[in-house]
Structure formats: C-alpha cells, structure tokens
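Trainee: what shape does this take:
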Amino acid sequence: MHSNSFSTASSFACQILVYATEGNTRLRRTEQLQRAGFSLLQAESFSAVKERLLENDIAVCLVEAADGNRALVEFYTFIQEQKLNTQLVCIAPETESVGRMTIPAARYDILESNASPDRLRSVLFSAVERSRLLAENNQLKQQLINQAFSQIVSVSSTMQTLKAELEKAAREDQAVCLSGESGVEFNRLARAVHSLSSRGTQAFKVLNLGQLSIEQVEAALFSTAPDSLIQSTRGGTLLLNQIEALPHSLQSSLVRLIERSRNQDEQNSLTHLRIPRLICTLSESAETALAEKRLIPELHNLLCSRMIVVPALRQRREDLPLLAESFLSEISWQEGLPAQTLDSSAVHLIQTRFWLGNEAELRSVLYKACALNPGRHLTADLLEPWLGSEETEVEQVGLTLKEMERKLIETTFTRYGGNREKTAQALQIGLRTLSGKLREYGYPPRGGPGSNVQVTAQEEHKVTIPGASSIQPQEHRRVA
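Mentor: Prediction:
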C-alpha cells in the first residue's frame with residue numbers, strides 16, 4: 001500500500017518542508033523522511049519557511065517545534081494570503097495541545113511526537129494527495145474564471161480590481177448593483193458574474209427597464225404566471241438594466257423582491273425553486289439618482305449595500321487599443337467583412353479621445369468606419385468623420401441597429417452630396433436597396449427636385465420647386 005502511495009507522491013514531484021527550531025530534531029526527522037523517499041527542505045525560522053514556500057513547490061510543511069501552535073497559525077495565514085496549495089502537518093509534544101479553532105481541519109493534521117514512522121509516512125502521503133487535489137481544483141477554477149472574463153478585454157490594473165470584485169460578488173450569490181456611465185457594457189459584466197456563480201448552468205436573462213411600460217414591467221417582474229420572466233428565470237440570474245428608469249410605484253415592489261431573494265429559506269434553495277438572482281445596473285451614481293429622486297431611499301440603501309462601480313473608458317486608456325481590436329474582430333465576423341486593424345494614427349486618436357459614450361460610442365464609431373473602408377487598415381482619417389462633438393456622440397449611444405443603420409446611410413448620403421451611386425458604392429449595397437431605404441426615410445424619388453433633401457412628415461403632401469413657393473398639389477392641378 002505504501003509503494004502505491006509513494007508513486008503518487010513522486011509523480012506529483014512533491015517536496016516536504018521541515019520546520020524545527022531544534023537542530024537535532026530537524027536532522028533526525030529529515031533523515032527519517034529521506035529514507036522514506038521524500039524530497040526535503042529544511043527551515044529553522046519563520047522567515048526561512050516563508051521564503052522556501054515562495055521559492056519552491058511545497059506540498060507539505062511539517063512543523064515540529066515548541067512554538068507549534070503559533071507556527072501553524074502564522075504559516076496557514078501566509079499560505080492563504082499567497083494562495084498556495086501547501087498542507088500543514090504538526091507533530092505536537094505530548095504535553096502540548098494543539099487547537100483547531102483558527103484553522104480549518106482539512107488544511108492540517110496533528111500527530112503525537114511518539115507516532116510511528118509508518119503512521120508519519122501515511123499522514124504525509126495523505127497530505128500530499130490533498131495538496132495535489134487542491135492544485136487541480138484551483139487550476140479548474142482559474143480556467144472557469146478565464147472563460148467567464150474572456151469577453152472582457154482589459155490589461156489595466158483598474159479592470160483587474162473590477163474583475164476581483166465581480167468574482168467576489170459571484171461567490172456571495174446576493175443581489176448586486178453595477179454602477180457606471182451610459183454606454184458601459186453592463187451585460188458582459190453581469191454575464192461574467194452569472195457564469196462564476198453557483199447558478200452558472202441556469203438561465204441568464206435581461207430586462208431593459210427603460211424600454212418598457214409599467215404594465216410590461218409588472219408582468220415580467222411581479223407576475224406569478226409560469227411563463228413570466230421572473231418565474232422562467234428561477235434558479236438563474238436576471239439582469240435589470242437602467243434601474244433608475246423604474247417608476248417609484250414599482251421601486252417599492254422591487255425592494256420587497258430583493259429582500260425576499262436575500263432571505264430565502266434554506267429548504268427552498270433547490271435550483272428549480274430559487275428566486276432569480278437580481279443584478280441591477282445604474283447609469284449614474286447612486287447619490288445623483290437619489291438626489292434627483294430617480295431612486296427611492298429604500299432602494300438606494302439596498303443597492304448601495306452591494307454596489308460595484310464600473311470605471312469609465314477614459315479611466316483605463318491602456319485598454320483602448322485591445323478593446324478596439326476586439327470590437328473590430330466582432331464587427332468583421334458579424335458583417336462578413338475582411339478583418340481590419342488600426343494603424344498607429346488610429347490608435348493615437350482612440351487613446352486621446354474622451355469617450356463620454358464609453359464602449360457603446362467606441363463600437364459605434366468603429367462600426368461606421370468599417371462599413372466605408374474597402375481596405376484592411378483603419379486610419380485616423382477614416383475614424384474622424386464619425387467622431388463629431390462629444391455631446392453629439394453621447395446622444396447616439398443606445399441607438400437600435402435600425403436607427404444606427406439609418407444614421408449611417410443618411411450621413412454617408414449627405415457626405416457624398418446626394419449622389420446615390422457613390423453612396424451605394426461606399427456602403428457596399430445595391431442602388432435599388434439604397435433608393436428604397438431613402439424613400440422609407442422620407443426622401444423624394446431620384447432625380448426630382450430636392451431628392452437629396454429629406455421630406456418631413458409635415459411636408460409630405462407638398463411639392464417643392466426651386467425658386468417658387470410651396471403650393472398644395474390640388475392647387476397646382478387647377479392652375480395647370
């Protein structure tokens with residue numbers, strides 16, 4: 001049995017660190033374990049132990065000293081801080097009792113000083129196996145974390161701090177609020193929290209409160225119908241975007257729902273019975289929303305108890321080149337365009353831009369520039385026409401795809417002075433498709449007076465002739 005255990009330990013390339021303040025004890029124990037086939041290191045002080053733990057892959061730290069209690073607590077704290085997989089084994093003198101109150105029992109073993117060599121060897125092999133399993137478990141956790149954050153492109157320390165907060169929120173499995181400016185991609189952050197939580201295999205759904213009527217919100221959030229959103233997301237996660245857009249009459253109901261989700265009875269914690277975990281987003285600071293009465297005090301207090309502030313894009317400028325490249329890859333894939341990259345002038349322009357509209361504004365500018373770029377490289381000259389003033393760009397954040405398409409077509413049409421052939425060529429669409437779109441937007445038929453000018457709803461029944469006043473169609477026929 002020992003030979004099998006030893007082969008497992010050897011394949012793990014484990015090392016045992018022996019800590020003993022008394023030289024003869026340390027030497028005797030080292031010789032005993034070397035004969036058993038273990039790879040050993042020695043340490044005679046706290047600082048030496050910590051140095052060895054950082055420099056080597058230590059599976060087990062064997063503590064045999066008069067200060068064993070203190071050593072266990074200090075070494076365990078250090079191991080936790082450094083996120084090491086090292087296990088602790090303490091050989092306690094017969095006259096000393098070692099308490100298990102401050103350290104989880106799964107992280108260390110206690111042996112009597114007169115324990116037999118076979119008993120010591122068996123305990124060490126078990127500790128080595130625990131260390132190996134812990135290392136594998138931590139590796140799998142890290143892979144899950146990397147996968148959950150794969151859609152959040154960042155290298156900045158600010159975003160690393162945010163990821164740590166999101167990871168902590170995922171473990172707590174409580175309602176959480178993400179606060180940031182307009183244009184921040186809350187959906188990706190919320191999905192990462194969901195993926196890392198115990199609900200990660202269940203449903204993740206999104207409710208955009210700013211786009212719904214009171215009746216629609218009531219039916220989605222507070223209905224007991226089996227097909228309502230709140231019921232169909234049980235056991236999963238429900239993202240509530242723009243919580244400040246919720247009417248005050250429904251904010252009180254939301255407060256009760258959040259409190260109910262926090263106080264779920266343990267007997268109702270089975271996946272199919274659990275209330276969805278709620279993640280709320282706020283496109284301004286909680287204090288501003290409260291001061292301007294967009295949030296009631298009760299909801300404000302609940303949200304602030306677990307608030308995560310998302311940094312604006314301009315606060316993490318080192319992320320901008322990577323983020324832009326990521327958006328370009330997504331746009332190319334979605335639109336079937338050749339892969340495009342940014343040249344140095346475009347990178348400089350992006351990094352010096354204020355980006356009041358955050359990720360949504362950056363994505364919008366890149367989308368428009370890609371549509372008109374026949375090559376594979378985007379320059380600053382290709383990006384600048386779509387930047388405009390900061391105030392104008394902020395107003396465009398949150399446009400639907402249809403609205404964005406219209407703005408792109410109209411802007412290009414104006415840019416080419418109403419020339420439909422050049423506009424269609426720049427947009428890479430058919431001339432008939434372009435004419436249909438322009439007719440849908442209210443532009444007169446091709447070739448007629450004002451065909452490059454949009455006709456408003458009030459003017460649709462009028463005919464405009466250069467140099468003459470507008471007259472009603474019926475009056476024009478009578479004159480003829």
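Trainee: which of the residues in stretch 192-203 are buried?
Mentor: For stretch 192-203, the neighbour count (16 or more other C-beta atoms under 10 Å) marks Ala192, Val193, His194, Ser195, Leu196, Ser197, Arg199, Gly200, Gln202 as buried. C-beta: built from backbone N, CA, C; applies to glycine.
Trainee: typo on my end, it should be stretch 252-262
Mentor: Buried residues in stretch 252-262 (16+ other C-beta under 10 Å): Leu254, Val255, Leu257, Ile258, Ser261.
Trainee: can you tell me what sits against that stretch?
Mentor: 174-175, 221-222, 230, 240, 243, 246, 275-278, 296, 298-299, 302 (C-beta atoms under 8 Å, 6 or more residues apart in numbering).
Trainee: the residues you listed in strands, which ones?
Mentor: Leu240, Arg277, Leu278 (DSSP state E).
Trainee: any chance of those in a markdown table, plus neighbour count, pLDDT and distance to Ile214?
Mentor: A markdown table is the format used below for these (neighbours: other C-beta atoms under 10 Å; pLDDT from 0 to 100; distance: C-beta to C-beta, whole Å):
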| residue | neighbour count | pLDDT | distance to Ile214 |
| --- | --- | --- | --- |
| Leu240 | 25 | 96 | 15 |
| Arg277 | 26 | 92 | 24 |
| Leu278 | 23 | 94 | 19 |
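Trainee: nearest spatial neighbour of the residue nearest in space to the middle of the chain, chain-adjacent residues omitted?
Mentor: Taking C-alpha atoms, centre = their mean, the centroid of the chain lies closest to Leu189, which sits 2.9 Å from it. Take Leu189 and drop its neighbours on the chain: the residue closest to it by C-beta to C-beta, 6 or more residues apart in numbering is Leu178, 5.8 Å away.
Trainee: low-scoring stretches of this protein, by residue?
Mentor: 1-14, 93-107, 264-273, 388-401, 446-480 (pLDDT under 70).
Trainee: buried residues in the helix ranked longest in it, which are they?
Mentor: The longest helix of the chain (DSSP state H) is helix 117-148. Under the neighbour-count criterion of 16+ other C-beta under 10 Å, helix 117-148 has 120-121, 123-125, 127-132, 134-135, 145, 148 buried.
Trainee: name the next helix or strand downstream of that helix, please.
Mentor: As assigned by DSSP states H and E, the chain's next helix or strand after helix 117-148 is helix 157-172.
Trainee: list the helices and strands that next one packs on?
Mentor: helix 186-196, strand 307-309 (3 or more C-beta pairs under 8 Å, 6 or more residues apart in numbering; DSSP states H and E).
Trainee: pull the distance from the first one to the chain's centre.
Mentor: The gap between where helix 186-196 is centred and where its chain is centred comes out at 5 Å by C-alpha atoms, centre = their mean, to the nearest Å.
Trainee: and the angle for it with helix 157-172?
Mentor: Relative orientation of helix 186-196 versus helix 157-172 (axes from the mean of the first three to the mean of the last three C-alpha atoms, to 10 degrees): 50 degrees.
Trainee: ok, residues contacting the helix or strand following helix 186-196?
Mentor: Per DSSP H and E, the first helix or strand lying C-terminal to helix 186-196 is strand 204-208. With C-beta under 8 Å, 6+ apart as the test, strand 204-208 has contacts from 187, 190-191, 194, 217, 220-221, 229, 232-233, 236-242, 276.
Trainee: pull out the buried positions in strand 204-208.
Mentor: In strand 204-208, counting by 16+ other C-beta under 10 Å, buried: Phe204, Val206, Leu207.
Trainee: and the first one, bridged to which residues?
Mentor: Right, Phe204. Bridge pairing for Phe204 (DSSP bridges) gives the partners Thr237.
Trainee: could you report the distance from it to Ala192?
Mentor: Distance of Phe204 to Ala192, given as C-beta to C-beta, to the nearest Å: 10 Å.
Trainee: and Asn358, by the same measure?
Mentor: Taken as C-beta to C-beta, the span from Asn358 to Ala192 is 17 Å.
Trainee: alpha carbons of stretch 320-332, as CSV, please.
Mentor: Extracted in CSV, the C-alpha atoms of stretch 320-332 (Å, rounded to 0.1, in the frame of the first residue of the first chain):
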residue,chain,number,x,y,z
LEU,A,320,-8.4,51.1,-25.6
PRO,A,321,-6.2,49.5,-28.3
LEU,A,322,-7.0,45.9,-27.3
LEU,A,323,-10.7,46.7,-26.8
ALA,A,324,-10.9,48.4,-30.2
GLU,A,325,-9.2,45.4,-31.9
SER,A,326,-11.7,43.1,-30.2
PHE,A,327,-14.6,45.2,-31.4
LEU,A,328,-13.2,45.2,-34.9
SER,A,329,-13.0,41.3,-34.9
GLU,A,330,-16.6,41.1,-33.7
ILE,A,331,-17.8,43.6,-36.4
SER,A,332,-15.9,41.8,-39.1
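Trainee: alright, that wraps it up for me.
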